[in-house]
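**Student:** No letters, just coordinates:
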């Protein structure tokens, strides 16, 4: 899956389509960053010591997001489930923090 598809899925899943284009790209970038961090926080402890060395080397060498995602996907069988759980959790947090009627207005200011 490419970045454009991921972004479109995030926009749909988090209900962000009503945001202005500039705000939308900022919010999608922030949501992506948050999800990546939360997924990594849960995934890294599941790596073996050798896998962790490989992962850290990839990061040190500025591997692309696709390369890192592919590595984690192949080494952590439940990565998809972890990603889904983190997305659901973030959506629940956003829904509690920003009521549906004011979400677009508050995110627009971001």
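**Tutor:** Here it is on my side, so go on. Nothing here was measured: the structure is a model prediction, and the numbers come from that model.

**Student:** For the rest of this, base every contact and every neighbour count on C-alpha atoms.
**Tutor:** Will do.

**Student:** mind checking pLDDT for residue 107?
**Tutor:** Residue 107 carries a pLDDT score of 53 in this model.

**Student:** where does the chain dip in pLDDT?
**Tutor:** Low-confidence regions of the chain, defined by pLDDT under 70, span residues 1-3, 98-110.

**Student:** 50 instead, please
**Tutor:** 101, 110 (pLDDT under 50).

**Student:** which residue is nearest the centroid of it?
**Tutor:** Nearest to the mean C-alpha position of the chain, counting by C-alpha atoms, centre = their mean, stands residue 35 at 2.8 Å.

**Student:** show me the contacts for that one.
**Tutor:** Shown in contact with residue 35 (C-alpha atoms under 8 Å, 6 or more residues apart in numbering): 83, 86, 87, 90.

**Student:** So what's the gap between the longest helix along the chain and the chain middle?
**Tutor:** When the chain is parsed with DSSP state H, its longest helix is helix 21-43. A distance of 5 Å separates the centroid of the chain from that of helix 21-43, by C-alpha atoms, centre = their mean, to the nearest Å.

**Student:** Following element in sequence after it, please.
**Tutor:** Using DSSP states H and E, the helix or strand that follows helix 21-43 in sequence is helix 49-60.

**Student:** ok, then the element right after that next one?
**Tutor:** Helices and strands here follow DSSP H and E; after helix 49-60, the next one along the chain is helix 65-75.

**Student:** Show me which positions of that following helix end up buried.
**Tutor:** Neighbour-count burial for helix 65-75 flags residue 72 (criterion: 16 or more other C-alpha atoms under 10 Å).

**Student:** after that helix comes which helix or strand?
**Tutor:** Next in sequence after helix 65-75, counting helices and strands by DSSP H and E, comes helix 79-97.
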